[in-house]
Every structure is written in structure tokens, then in C-alpha cells.
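**Q** A structural model of the following input is requested.
(chains A and B)
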Amino acid sequence: MNWKPVSWLFALALVLAPTVWAAEAESIGADPVIEQRMIKLSEELRCLVCQNESLAGSHAELAEDLREEIRVQMKAGKNDKEVITYLTDRYGDFVLYRPPFKPLTLLLWFGPALFLILGGAIWYFTLNKRRNLKETPVDEKQLAAAAHLLEDNK
Amino acid sequence: MKRWIPLILFLVLVGFFAKGLFLNPREVPSPFIGKAAPDFSLPVVGDANATFSPADMKGKVWVMNVWAPWCVSCRQEHGLLMALEQSGTVPIVGLNWKDKQREAEQLLARQGDPYFAVPDDLSGKVGIDYGVTGTPETYVIDQAGIVRMKHVGPISPDIWKDKFVPKLKELGV
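**A** Below you'll find the predicted structure:
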């Protein structure tokens, strides 16, 4: 058997294979600027399917759809804020990893500071109480009794 | 009294955690409650010429059930939906979400079709417009086209009785 044509075909396949992959990858990352903006934005967003994953890192189908939607909207010239509004209109604030500042989230934002102040106050008052403790006067009689007991045990 | 304070605080904490343990993390409050159901117009499964739009349901209280043939937990509620269709309480529209294998028509023919209409949301865009995170999800929409309730996950007879029936009564069904 003549192996020459086969090896040529093999070489051709090797040359062509990367271009085939490249063509497939292109549709996803056609515009590197938009791709970067999309990834940066979706790192701040929650995947609705796997709730502890970011939209950027999730492989869920819905996350892929939403990333595609973000790309489309960015290509259409929408800024980050408009894209986020698009998502919160549909999925609520839950989609944001950074909760917005509003009356409902006040406790969320100020809670840690509140606990810090509370802890500081407890600490301060405890120290204060200890500082003001008066030394109890020593009862000479009891001291002598104690010394006597210690003497006995020797 | 003072020495009980840590124990009381501890029990309060335990109470919060116990409550949290029994919450469903999928029950995310929907921003659509009290707002108009997003409009759309989609072809209908099983009838190539027909389309469905929420505007078609104006003046009626209706239920939109987001389902898919590939969705396993949707099968759990299928029997209940069939019974509801039989009783004729409320029209159920079944949004066929991301049915890429094109199985909906066959499946409904085989298992029974509880739906008033089955809009075909192949791309999943309408689902996204409704804030769907996974099938099944069910919306109650009133006469004026306002979303009144959303339920995430399959509907059991108990859930129907405790959650849907009171809401529907409130809306006059």
C-alpha cells in the first residue's frame, strides 16, 4: 500500500483542525472589548441557577443565555448600568452580588458597624468596671488564721 | 438573670438558623408581582398558523405555567394540571421553554394536554423576560394582565390548595 496520500491527508487534517476550532470560538469572542466588559460585569452578577456561582463562571444554560444577552445589549451600545437594569427588572436585586443601598438593605449595610459599636461598648464598660474595683481591706484575723492553717499542713 | 443572657442569645440564633434551614433558596421574590405581565407574541405548539399573546387573555384570570418536555419535575405536576383542566377552574397556558429537541407536541399527545394554549418559546427569551430561572414556574395573572403571584417548583395538591386557591378566590375565580 502506498502511504503517501494517507500521510498527506493526515497532514492536511492537522493543519485544518485548529482553523475549525478557531471559527467556532470566534462567534463567542468576536469583539474582545465587549467580551472583557461582559466578563467584568457578569462577575458582579449572580447565576440564578447555581446561586453561589457568578454569571461569569457558571456553565448553566440560563447563564449562557444571559451572557449572550449581555453581549447583544453591549453591542447595541447599552452601558453597564442599562444592562444591569435589564437584569434587575427581570430577576430583582437578587441577581446583584453587591446589594443596592436602600431602606430595605440598611440593616445589611450598617449591621456590621452596629455590631462593632455594640462590642466596643461592652468592652469599654467591662474595662471601666474593672478599673473602678476597690481593693478589699485585708482582715488581719483571717490572715492569721490562714497562716496558721498553712503552718499546720507542713 | 444575667447569666441566662448568653443562653437566650444562643437560642435566638438557633431559631434564625432553624428557620433558614427550611426556607427554599429558589423562592426569590419576583419583581413582577403587582406589575403588568410582559407582553409577547409566540407561535403555538401544534398549530403552525396560530400565535399566542397575553393580550388574548385580557378580562380573564389565568395561570401561566412555564414548563419543558425535558423537565423532569414538570412531570410531577402534570397530573394535577390535567385535573385542573378537567375541572375548568382557570385556563392554564403552558409556555414551552427552550424545547430544542422539539418534543412538546408529541409529549402532550401521548401524556395528555392540560393547556389552554402552548406558546413556543424556543430561544427562551420570553422566559427571561418573565424572570424564569428554571422550570416549572407558575404565574397567576389577573383580568387586567397584572402578575399577582409566582410559584417556583412543581405544584403539589397541597400547594395548589394553600397557595393558589386563596389567591384565585381573591381575584374572583
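**Q** which bits of chain B sit near chain A?
**A** For chain B, the residues found near chain A under the criterion CB under 8 Å from any CB of the partner chain are B:25, B:28-31, B:98, B:124, B:128-131, B:133-134. Heads up, the C-betas are built off the backbone N, CA and C, glycines and all.
**Q** Need those residues in TSV (columns: distance to residue B:67 and neighbour count).
**A** Converted to TSV, the residues of chain B next to chain A look like this (distance: CB to CB, whole Å; neighbours: other CB atoms under 10 Å in any protein chain shown):
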residue	distance to residue B:67	neighbour count
B:25	21	9
B:28	19	19
B:29	22	10
B:30	17	23
B:31	22	18
B:98	11	21
B:124	13	19
B:128	16	22
B:129	17	17
B:130	13	22
B:131	16	24
B:133	14	22
B:134	11	19
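**Q** which one of those is nearest residue B:84?
**A** residue B:130 (20.4 Å; CB to CB).
**Q** Quick check: that closest one touching residue B:65?
**A** No. The pair residue B:130 / residue B:65 is not scored as a contact, 11.5 Å apart, by CB atoms under 8 Å.
**Q** So for those two, which residues contact both of them?
**A** Shared contacts of residue B:130 and residue B:65, defined by CB atoms under 8 Å, 6 or more residues apart in numbering or on different chains, are found at B:95, B:137.
**Q** What residues does chain A have near chain B?
**A** Contacts of chain A with chain B, taken as CB under 8 Å from any CB, map to A:48-49, A:51, A:61-62, A:65-66, A:69, A:88-92, A:94.
**Q** before we move on, the earlier item: which members of the residues of chain B next to chain A are the farthest-apart pair?
**A** B:29 and B:98 (23.8 Å).
**Q** how far is stretch A:78-88 from where the chain is centred?
**A** Centroid separation for stretch A:78-88 versus its chain: 20 Å, with CA atoms, centre = their mean, to the nearest Å.
**Q** quick one: contacts for the residue nearest to residue A:66 when sequence neighbours are not counted?
**A** Setting aside the residues directly before and after it, residue A:66 is nearest to residue A:55 in space (CB to CB, 6 or more residues apart in numbering or on different chains), at 6.1 Å. Contacts for residue A:55 (CB under 8 Å, 6+ apart) come out as A:42, A:43, A:45, A:46, A:47, A:63, A:66, A:67, A:95.
**Q** rerun that using 7 Å as the cut-off
**A** Shown in contact with residue A:55 (CB atoms under 7 Å, 6 or more residues apart in numbering or on different chains): A:42, A:45, A:46, A:47, A:63, A:66, A:67.
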